[in-house]
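Trainee: sequence below, structure please.
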Amino acid sequence: MRMVEYFKEKIIFIIINIIVLIITSYLLFGLKVSSSAIILIGILNFLASICFFICDYLRKSTYFKRLLKKLDELDKKYFIADVASEGDFLEGEILFEIIEQATKSMKDDISEAVRNSTDYKEYIELWVHEIKTPIATCKLLIENNENEVTESIGDEVSKVENYIEQVLFYARSNVVEKDYLIKKINLKDPINSVIRKNSNILIEKQVKIDIKNVDKLVYCDSKWVEFILGQIVSNSIKYMDKKESVLSIYGENIGEDVLLKVCDNGIGMDEKCVIKAFEKGYTGENGRKLGKSTGMGLYLCKKLCDKLGLGISIISRENEGTEVSILFPINDMLKF
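Mentor: So this is what the prediction gives:
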């Protein structure tokens, strides 16, 4: 609050005070009060008004400056009500009441949103659990009645299963910190699990698997790592178009960190698609042409890696293939 702005705000009060002072002076002059007494009264009135305005300005200015300083120090500005104090003047009391009421309303809305989000997540998890049973039944029937038709149906069932898994992990992705267990894992375990899950389609497409140097220890949540790798491998398989398709997975040490790379020799992507690959819903030219992409797989991978403190990047060239790298920072506990 600047002094000029403060006095501009008080201009009506100042004008009224001057008018009252002039009228009072005329009345006193009419009552034959000496001119020196009238001038003295005017000077005293002026000094009293100036003192009042300066004290009032300093009190309000100090309060608002302190409030703004606290606001600047907060990362989450909506917590201002928790650190603000009530002013000892009318405007300060009104402002504090407004902040308190607004914050209370916001907290109520946030609590309601959290409850709705929790209910939604629980419903999705229940739905996924229920739908997995008929899918497992379908897969069993297909295995027991193998022919060209059931093989085609099996491929579609596998796609549905992958989409359902995406839905489940998407629902959980906003509360990863409440749904993960960080422990020492060997990267070869989730990698082998992903390869087993995709074994049928890998055999069908005659994809050569090349896994090297993945016996690496990292601290992470196994199920989230497995999901991330599953999405990456699934993408690689989708866009393999060569007679001699190769899927390579290998690890290497970068200083004290572990870098895991998943490479394929599929159709690849151009630079524009690589830049947007992690955007939500982005399918790229390949996804639109072949109709095989939802645009959610890599988006979820990026989101989960960010939540887990992992790095993820893509290098790709058209008609040559794609390389996805995941960086696992080594936890200090692993050094002992």
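Trainee: mark out where each domain of this structure begins and ends.
Mentor: For the chain, the structural domains run 3-107, 180-335, going by automatic domain parsing.
Trainee: so which of those domains is the most surrounded?
Mentor: Burial among the domains of the chain, expressed as mean neighbours by mean count of other Cβ atoms under 10 Å, is greatest for domain 180-335, which shows a mean of 17. Heads up, the C-betas are built off the backbone N, CA and C, glycines and all.
Trainee: sorry, back to before: residue 136: which of the domains of the chain is closest?
Mentor: domain 180-335 (13.2 Å; Cβ to Cβ).
Trainee: show me how far the closest one is from its chain's centre.
Mentor: For domain 180-335, the distance from its own C-alpha centre to the chain's C-alpha centre is 22 Å (Cα atoms, centre = their mean, to the nearest Å).
Trainee: pLDDT of that domain, averaged?
Mentor: Mean per-residue pLDDT for domain 180-335: 86.
Trainee: returning to that earlier point: how about the domains of the chain in CSV, adding distance to residue 138?
Mentor: CSV is the format used below for those (distance: least, Cβ to Cβ, whole Å):
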stretch, distance to residue 138
domain 3-107, 46
domain 180-335, 14
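Trainee: quick one, which of these is nearest to residue 131?
Mentor: Proximity to residue 131, assessed across these by Cβ to Cβ, is greatest for domain 180-335 (17.0 Å).
Trainee: now do the helices in this structure.
Mentor: Residue ranges of the helices in the chain, as given by DSSP state H, are 3-9, 11-30, 35-73, 80-83, 90-144, 148-173, 188-197, 199-204, 222-238, 271-276, 284-290, 297-308.
Trainee: worst mean pLDDT among the ones you listed?
Mentor: Of all the helices of the chain, the segment with the smallest mean pLDDT is helix 284-290, scoring a mean of 61.
Trainee: ok, and the closest non-adjacent residue to residue 121?
Mentor: Of all residues not flanking residue 121 in the chain, residue 171 sits nearest, at 4.8 Å (Cβ to Cβ, 6 or more residues apart in numbering).
Trainee: the one you found contacts residue 126, correct?
Mentor: No: when contacts are counted by Cβ atoms under 8 Å, residue 171 is not listed as touching residue 126 (10.7 Å).
Trainee: sorry, back to before: now for the domains of the chain, which one comes closest to residue 120?
Mentor: domain 180-335 (16.6 Å).
Trainee: how much space between residue 170 and residue 297?
Mentor: Counting by Cβ to Cβ, to the nearest Å, the separation of residue 170 from residue 297 is 10 Å.
Trainee: cool, residue 126 as well?
Mentor: Residue 126 sits at a distance of 23 Å from residue 297 (criterion: Cβ to Cβ).
Trainee: same deal with residue 15?
Mentor: When Cβ to Cβ is applied, the distance between residue 15 and residue 297 equals 70 Å.
Trainee: same deal with residue 94?
Mentor: If you measure residue 94 against residue 297 using Cβ to Cβ, the figure is 52 Å.
Trainee: who has more neighbours, residue 171 and residue 126?
Mentor: Counting neighbours by other Cβ atoms under 10 Å for residue 171 and for residue 126 shows that residue 171 has the greater number, 19 against 10.
Trainee: the more buried one: what's it in contact with?
Mentor: Counting by Cβ atoms under 8 Å, 6 or more residues apart in numbering, residue 171 touches 120, 121, 124, 125.
Trainee: spit out the residues that contact residue 170 and residue 297 alike.
Mentor: Residues touching both residue 170 and residue 297 do not exist when contact is defined as Cβ under 8 Å, 6+ apart.
Trainee: gap between residue 224 and residue 180?
Mentor: 6 Å.
Trainee: which neighbours do the two share?
Mentor: Counting by Cβ under 8 Å, 6+ apart, the contacts common to residue 224 and residue 180 are residue 308.
Trainee: make a markdown table out of the helices of the chain and add distance to residue 249.
Mentor: What follows is the helices of the chain, written out as a markdown table (distance: least, Cβ to Cβ, whole Å):
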| stretch | distance to residue 249 |
| --- | --- |
| helix 3-9 | 66 |
| helix 11-30 | 76 |
| helix 35-73 | 47 |
| helix 80-83 | 49 |
| helix 90-144 | 25 |
| helix 148-173 | 19 |
| helix 188-197 | 6 |
| helix 199-204 | 12 |
| helix 222-238 | 8 |
| helix 271-276 | 20 |
| helix 284-290 | 21 |
| helix 297-308 | 15 |
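Trainee: so which of these comes closest to residue 213?
Mentor: When these are ranked by distance to residue 213, counting by Cβ to Cβ, first place goes to helix 188-197 at 9.6 Å.
Trainee: what packs against the closest one?
Mentor: Under the contact definition 3 or more Cβ pairs under 8 Å, 6 or more residues apart in numbering; DSSP states H and E, helix 188-197 sits against strand 208-212, helix 222-238.
Trainee: closest one to residue 151 among the ones you listed?
Mentor: Across those, the minimum distance to residue 151, taken as Cβ to Cβ, is reached by helix 222-238, at 15.6 Å.
Trainee: got the CA coordinates for the closest one in CSV?
Mentor: C-alpha atoms of helix 222-238 as CSV (Å, rounded to 0.1, in the frame of the first residue of the first chain):
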residue,chain,number,x,y,z
SER,A,222,8.4,-54.2,-8.9
LYS,A,223,4.7,-54.0,-10.2
TRP,A,224,5.1,-50.4,-11.5
VAL,A,225,8.4,-51.3,-13.2
GLU,A,226,6.8,-54.3,-14.7
PHE,A,227,3.8,-52.3,-16.0
ILE,A,228,6.1,-49.6,-17.5
LEU,A,229,8.3,-52.3,-19.3
GLY,A,230,5.1,-54.1,-20.4
GLN,A,231,3.8,-50.9,-22.1
ILE,A,232,7.2,-50.3,-23.8
VAL,A,233,7.5,-53.9,-25.0
SER,A,234,3.9,-53.9,-26.2
ASN,A,235,4.5,-50.8,-28.3
SER,A,236,7.6,-52.4,-29.8
ILE,A,237,5.7,-55.5,-30.8
LYS,A,238,2.9,-53.5,-32.3
